[in-house]
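[1] Pasting the sequence and the predicted coordinates here, then a few questions.
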Amino acid sequence: MDTISRENNNMLPIGGILVGLVGVVLGGIALAQASKANKGVADHQPKIEKVDAIEAQVGSASAAAEKAGKDVRDLTRSTQEAFNAVGGKLGEFQTSITKLEDAMKKPVVAAAAGKKGGGPAVAGPGEYLVKAGDGGTKIAKSLGVSIQDLQAVNPGVNWNKLAVGQKLKVPSKR
């Protein structure tokens, strides 16, 4: 038995050395690969920082876009409310204007036709009320008609003695 054990003992140290050498070689290869990986990570670090910066900018832009969207919605709502308020007022004005137009179409009955102090005279449709300083030519010019047409529709008027408040008929324009 002595011979078998000796033979086995001689090979064992050589096998251990070989396994150790393989381990050292594999360790060196692993170290080289790790060094290469570290260099790759270091090369990519500026790119990673740029991506992080872009991500931050995108986040800021997204927040700004959300705020702008909210502002637009608020502005749309307040504009609609303003239009609603203005629309109501326009309706009220239209009603008032219609009432005024209807009142203007009704003939004016001079309550003080034969009385003094019954109120100021008011010209109706197709009438002109003489004012201070008016003359026939001035009235015709302001109405856009000729003096002859004005005199023709107002026979019996003394054009040299027009009275303030006197009513004249207005001729139709040709």
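    Arrived safely.

[2] just checking, residue 145 touches residue 154?
    No - using Cβ atoms under 8 Å, residue 145 is not in contact with residue 154, being 11.2 Å away. C-betas here are computed from N, CA, C, even on glycine.

[3] intersection of neighbour lists for these two?
    Common neighbours of residue 145 and residue 154 (criterion: Cβ atoms under 8 Å, 6 or more residues apart in numbering): none identified.

[4] and the lengthiest helix in the chain, what other elements does it pack with?
    In the chain, taking DSSP state H as the definition, the longest helix is helix 2-105. If you count contacts as 3 or more Cβ pairs under 8 Å, 6 or more residues apart in numbering; DSSP states H and E, helix 2-105 packs onto no helix or strand.

[5] Following the chain onward from it, which element is next?
    strand 127-129 (DSSP states H and E).

[6] Return the list of helices and strands in contact with that next one.
    strand 167-169.

[7] What are the buried residues along the strand it packs on?
    By 16 or more other Cβ atoms under 10 Å, the buried positions in strand 167-169 come out as 167-168.

[8] Got the domain ranges for this protein?
    For the chain, automatic domain parsing gives the domain ranges 47-106, 110-174.

[9] can you tell me which residues contact residue 135?
    159, 162.

[10] same question, residue 46
    Contacts of residue 46 (Cβ under 8 Å, 6+ apart): none.

[11] ok, it to residue 53 distance?
    Separation of residue 46 from residue 53 (Cβ to Cβ, to the nearest Å): 10 Å.

[12] swap in residue 42?
    18 Å.

[13] One more: residue 147?
    From residue 147 over to residue 53 the distance is 87 Å, taken as Cβ to Cβ.

[14] neighbour count winner among the two?
    Ranked by neighbour count (other Cβ atoms under 10 Å), residue 147 and residue 53 place residue 147 first, with 15 against 10.

[15] doesn't residue 137 make contact with the more buried one?
    Yes - counting by Cβ under 8 Å, residue 147 touches residue 137, with 5.5 Å between them.
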